[in-house]
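S.K.: Below are the sequence and a predicted model; questions follow.
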Amino acid sequence: AVGDSHLLAALRDQRIEHLLLVGLETPVCIYQTALSALAEGFQVTVLSDAVAARRADDHAACLAALRHVGVHVLPVETVFYALLHDAAHPLFRTFTALVKAHT
């Protein structure tokens, strides 16, 4: 989790303020990491279609709880387009082609 002193130091040394979380398992790793990051003062976004759990109800409950405490929960496509800002970005067309090819 973010509470690891080496990881925390590395994030702060790089002046990282916002974490994007992906992985397994939403009710354990993602949930605890998100809460830990919030407690350390980071902004947190969980990429909702890049996390999972063995039980769909657990997954949904954890994402709802994280939203309630201030974690942003958004799909990958939304976050990546937000990072590009607009269609003028040089990678916009490349990313759009990837989205179309894989959806």
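M.R.: Perfect, thanks for sending it.
S.K.: which stretches of the chain form helices?
M.R.: Assignment of helices within the chain using DSSP state H yields the ranges 5-13, 31-39, 56-68, 76-84, 92-101.
S.K.: Tell me which of the ones you listed lies nearest to residue 50.
M.R.: Using Cβ to Cβ as the measure, helix 76-84 is the one of the helices of the chain that comes nearest residue 50, at 5.4 Å. Glycine gets a C-beta too; all of them are placed from N, C-alpha and C.
S.K.: buried residues in the closest one?
M.R.: Going by neighbour count (16 or more other Cβ atoms under 10 Å), the buried part of helix 76-84 is 77, 79, 80, 81, 84.
S.K.: So the first one is in contact with residue 102, correct?
M.R.: Translated: residue 77. No - with contact defined as Cβ atoms under 8 Å, residue 77 and residue 102 do not form a contacting pair (9.9 Å).
S.K.: before we move on, the earlier item: mind putting the helices of the chain in a markdown table, mean pLDDT and distance to residue 25 included?
M.R.: Listed next are the helices of the chain as a markdown table, based on pLDDT from 0 to 100; distance: least, Cβ to Cβ, whole Å:
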| stretch | mean pLDDT | distance to residue 25 |
| --- | --- | --- |
| helix 5-13 | 93 | 19 |
| helix 31-39 | 96 | 9 |
| helix 56-68 | 97 | 9 |
| helix 76-84 | 89 | 18 |
| helix 92-101 | 89 | 26 |
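S.K.: can you put those in TSV and add distance to residue 23?
M.R.: Below are the helices of the chain laid out as TSV (distance: least, Cβ to Cβ, whole Å):
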stretch	distance to residue 23
helix 5-13	14
helix 31-39	8
helix 56-68	12
helix 76-84	13
helix 92-101	21
